[in-house]
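# Pasting the sequence and the predicted model now:
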Amino acid sequence: MSSITSPFPEQIALSGEGLVLRPWTESDLAAMPELFDHPDIAYWTPIASPFDAAAARARLDRSRRLRAEGTALLLALTVDGGAPLGEVMVRRAPEGTEIGYAVGPAHRGQGLAARAVRVMAAYAFEQLGVEQVILELEAENAASVAVAERAGFALLDVPLITGEDKGRAYALQTWGLRRP
């Protein structure tokens with residue numbers, strides 16, 4: 001596995017499957033609340049809720065800090081490098097190289113999440129040299145289970161990850177995709 005301390009590139013854009021994944025910028029701040037301030041995102045993800053202008057600034061700053069630390073890469077999900085439609089993330093963690101995503105409510109139903117996950121997985125295999133990427137999701141999150149399946153992931157036979165977030169208990173399944 002790559003060193004946890006090696007930073008991700010500051011200038012990065014990943015293209016594939018009709019998408020361009022690029023770093024968040026100052027010009028995205030106004031669009032972020034529309035993407036992330038939604039009951040589904042509040043319920044299923046650790047993203048701040050309510051998600052307002054201050055949360056957008058904090059997320060942009062956090063994405064830059066995590067990239068520089070080499071912990072995680074949070075990229076805006078776009079079709080052309082322009083307006084963000086959501087986010088895709090790759091995170092180096094002891095339990096594995098994890099991918100996460102969120103698609104704004106107005107942009108769902110277009111296969112964006114599965115395509116973004118596949119592009120990020122290819123990056124992890126080709127550039128980070130990992131043998132497997134994982135998704136951690138709740139079995140009750142039918143949309144995310146469908147994304148995992150469409151992206152080629154299989155449910156792994158590992159213990160559930162349990163915890164609490166925003167006052168709600170959760171149990172996450174781990175789905176894996178091996179290097180082709």
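Now that the structure is in, tell me what you want to look at.
# Show the pLDDT at Met1.
Note on Met1: pLDDT of 41.
# likewise Ala93?
The model's pLDDT for Ala93 equals 86.
# low-confidence ranges in the protein?
Along the chain, the parts satisfying pLDDT under 70 run over 1-5.
# now the helices: where do they sit in it?
Here the chain has its helices, by DSSP state H, at 32-36, 39-44, 53-69, 112-126, 142-150.
# Which among these is found nearest to Leu21?
helix 112-126 (6.0 Å; CB to CB). (Glycine included, C-beta is placed from N, CA and C.)
# Tell me which other helices or strands the closest one touches.
For helix 112-126, the elements it packs on are strand 14-16, strand 19-23, strand 72-78, strand 86-93, strand 96-103, strand 132-138, helix 142-150, judged by 3 or more CB pairs under 8 Å, 6 or more residues apart in numbering; DSSP states H and E.
# Distance to Tyr43 and mean neighbour count added to those, as TSV?
Listed next are the helices and strands packed on helix 112-126 as TSV, based on distance: least, CB to CB, whole Å; neighbours: other CB atoms under 10 Å:
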stretch	distance to Tyr43	mean neighbour count
strand 14-16	28	15
strand 19-23	24	21
strand 72-78	20	23
strand 86-93	16	21
strand 96-103	12	21
strand 132-138	9	21
helix 142-150	11	16
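# any chance of these in TSV, plus distance to Leu177?
As requested, those are exported to TSV (distance: least, CB to CB, whole Å):
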stretch	distance to Leu177
strand 14-16	15
strand 19-23	17
strand 72-78	17
strand 86-93	12
strand 96-103	9
strand 132-138	5
helix 142-150	9
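# Nearest approach to Leu29 belongs to which of these?
Going by CB to CB, the one of these nearest Leu29 is strand 72-78, 11.3 Å.
# What degree of burial does the residue lying closest to Arg57 once chain neighbours are set aside show, as a neighbour count?
Nearest non-adjacent residue to Arg57, counting by CB to CB, 6 or more residues apart in numbering: Leu29, 6.4 Å away. When neighbours are counted by other CB atoms under 10 Å, Leu29 registers 14.
# How about the contacts made by Leu29?
53, 56-57, 60 (CB atoms under 8 Å, 6 or more residues apart in numbering).
# what's the neighbour count on Ala30?
Other residues close to Ala30 by other CB under 10 Å number 10.
# actually Pro180, not the one I typed
Neighbour tally, Pro180, other CB under 10 Å: 7.
# Excluding covalently adjacent residues, which one is nearest to it?
Nearest-residue entry for Pro180: Phe125, 7.2 Å, with adjacent residues in sequence omitted and distances by CB to CB, 6+ apart.
# on that earlier part again, which of the helices and strands packed on helix 112-126 sits closest to Glu34?
When the helices and strands packed on helix 112-126 are compared (using CB to CB), the closest one is strand 86-93, at 10.8 Å.
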